[in-house]
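Student: Everything below, folded, please.
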Amino acid sequence: MRLRPYQDEAADFLFANDRAMILAWVGAGKTATALTAMKAMLDERHAKRFLVLAPLRVAQSVWPAEAALWAPSLEIAVAVGSPAQRARALASDAPVVVTNYDNLQWLSEQKLDFDAVVFDELTRLKNPSGKRFKALHKVIEPMQIRWGLTGSFTSNGLEDVFGQCKIVDQQMLGRSKGAFLQQYFHCVNRDFGDYVPLPGALEAVMQRIRPWTYVLESHEYRDTLPPLHTLPIKLQMPMEPYKTLKREMALIYPNAEVIAANAAAVTSKLQQMSAGFVYDTARQTVWLSDHKLDAVADLHAENQRAPMLVWYQFKAELAGLQARFPRLQTLTNDDSIARWNAGQIEMLAVHPASAGHGLNLQGQSRMVWMSLPWSLELYEQAVGRLHRGGQRHDVLNYVLTTEGTVDETIWKALHEKREVSDMALEALK
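Tutor: So this is what the prediction gives:
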């Protein structure tokens, strides 16, 4: 296994900088890059022991598998599971210990001997006032080598970069988020903490953090991939219940009531209705339309039942898929990923929050969105499960949207966030 030229450059950047961030497109091989740099640091005794923090599935599946390919002599202990299992991994002689972000509180209460840390999916630490961040802050001082990896640095706005930069090196943007906001933002609503970047703020922030940052040029990576074809499919459904809920914030059925207490609740209910159902006040599912299930069935039939990945947002959508497609499977079994990549699963339903980061699903090349997330990070990470290094076929990305509904608003918002993210990366070049 050999790194691509851009991965070699990124690994060299990490090796040369104790505090660094790698900003690279989803699927660009950040894990392989980091493993290469980590092994070199350990071999040359610039580091004694690495802690790796990652999302759960990535910690369990991706890091051990990637290490076997890119650094087979590097022993890795995975600290997940019960407290006893985690403690055994921590007490092992392995020079690399991988655990998930949800274990940070437990980790902060242990005796640690790490002098280096890798944050896989650095955006998990974007909130400096969050419990994870505070728990990590208690034990991070001895870890003088700090590397952050992410493909979605500014995916939900410029404000998110502060926490990510602070945990790597507070010299980048300072110690105080309040001072950061005062310098680069205008407060539009202090009660709700709403801030808007000042003109030129994005470019100024990116210029300030540039010495710590390696940015993968998009064309260097994407030119090596087969095309990604994003195909929006507009659907229609009966609109009267949707319009009534939007206008009156309530729907009354003979055996069910749907009530939205505030604007946020209305938006969530409208997204459910765009998918063809709504939860009532008793959390029971009221089905209104099968238009999206019908569209999934049509796409499945048109492609001669070739394997298809279905992204869903709500449990009711999963239940509807399971009732409609008896052979549908989820990532509940340990061998699900291997079977999917081998073409042995006809339809796989996945929630982007549970499998959007790190997992390698590029053995197949078709996906469809039942409902979209508001988060650009989740959307891009999910698409990157198939459209990534190793993919040999054109990737078909079907996006189901219901005309005249909040689906269209979400799709537009994702495009606008993508523009901000693109501008940030451009400013770092």
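Student: contacts and neighbour counts: CA atoms only from here.
Tutor: OK.
Student: so L173 makes contact with F162?
Tutor: Yes: assessed by Cα atoms under 8 Å, L173 is found in contact with F162 at 6.6 Å.
Student: Pull up the overlap in contacts between these two.
Tutor: When contacts are counted by Cα atoms under 8 Å, 6 or more residues apart in numbering, L173 and F162 are jointly contacted by F180.
Student: which residues of the stretch 151-300 of the chain fall in strands?
Tutor: Ranges of strands in the stretch 151-300 of the chain, per DSSP state E, counting those that start in this stretch, are 185-189, 194-197, 213-215, 228-235, 250-253, 256-259, 277-279, 285-287.
Student: packing partners for the third one?
Tutor: Judged by 3 or more Cα pairs under 8 Å, 6 or more residues apart in numbering; DSSP states H and E, strand 213-215 is in contact with strand 19-23, helix 406-428.
Student: For stretch 202-215, the averaged confidence score.
Tutor: For stretch 202-215, mean pLDDT is 92.
Student: swap that for stretch 407-418, sorry
Tutor: Per-residue scores along stretch 407-418 average to 90.
Student: Give me the contact list for it.
Tutor: Residues contacting stretch 407-418 (Cα under 8 Å, 6+ apart): 155-157, 271, 274, 371-376, 401-402.
Student: Alpha carbons only: can I get it in CSV?
Tutor: Extracted in CSV, the C-alpha atoms of stretch 407-418 (Å, rounded to 0.1, in the frame of the first residue of the first chain):
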residue,chain,number,x,y,z
ASP,A,407,-37.5,19.7,1.7
GLU,A,408,-36.7,22.5,-0.8
THR,A,409,-35.7,24.8,2.0
ILE,A,410,-33.2,22.3,3.4
TRP,A,411,-31.7,21.5,0.0
LYS,A,412,-31.2,25.2,-0.6
ALA,A,413,-29.6,25.7,2.8
LEU,A,414,-27.1,22.9,2.2
HIS,A,415,-26.0,24.5,-1.0
GLU,A,416,-25.5,27.9,0.7
LYS,A,417,-23.4,26.2,3.5
ARG,A,418,-21.4,24.5,0.8
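Student: low-scoring stretches of the stretch 251-400 of the chain, by residue?
Tutor: Applying pLDDT under 70 to the stretch 251-400 of the chain flags the ranges 304, 334, 356-358.
Student: Let me see the ranges of the helices in it.
Tutor: 263-275, 291-302, 315-324, 336-341, 352-355, 376-383 (DSSP state H, counting those that start in this stretch).
Student: out of the ones you listed, nearest to T36?
Tutor: helix 376-383 (22.6 Å; Cα to Cα).
Student: Report the inter-axis angle for the closest one versus helix 406-428.
Tutor: Interaxial angle, helix 376-383 versus helix 406-428 (axes from the mean of the first three to the mean of the last three Cα atoms, to 10 degrees): 90 degrees.
Student: which secondary structure elements does helix 376-383 contact?
Tutor: helix 352-355, helix 406-428.
Student: by contact count, what packs against the first one?
Tutor: Pointing back at helix 352-355 there. Contacts defined by 3+ Cα pairs under 8 Å, 6+ apart place helix 352-355 against helix 376-383.
Student: The helix it packs on: how far from the chain's middle?
Tutor: 6 Å (Cα atoms, centre = their mean, to the nearest Å).
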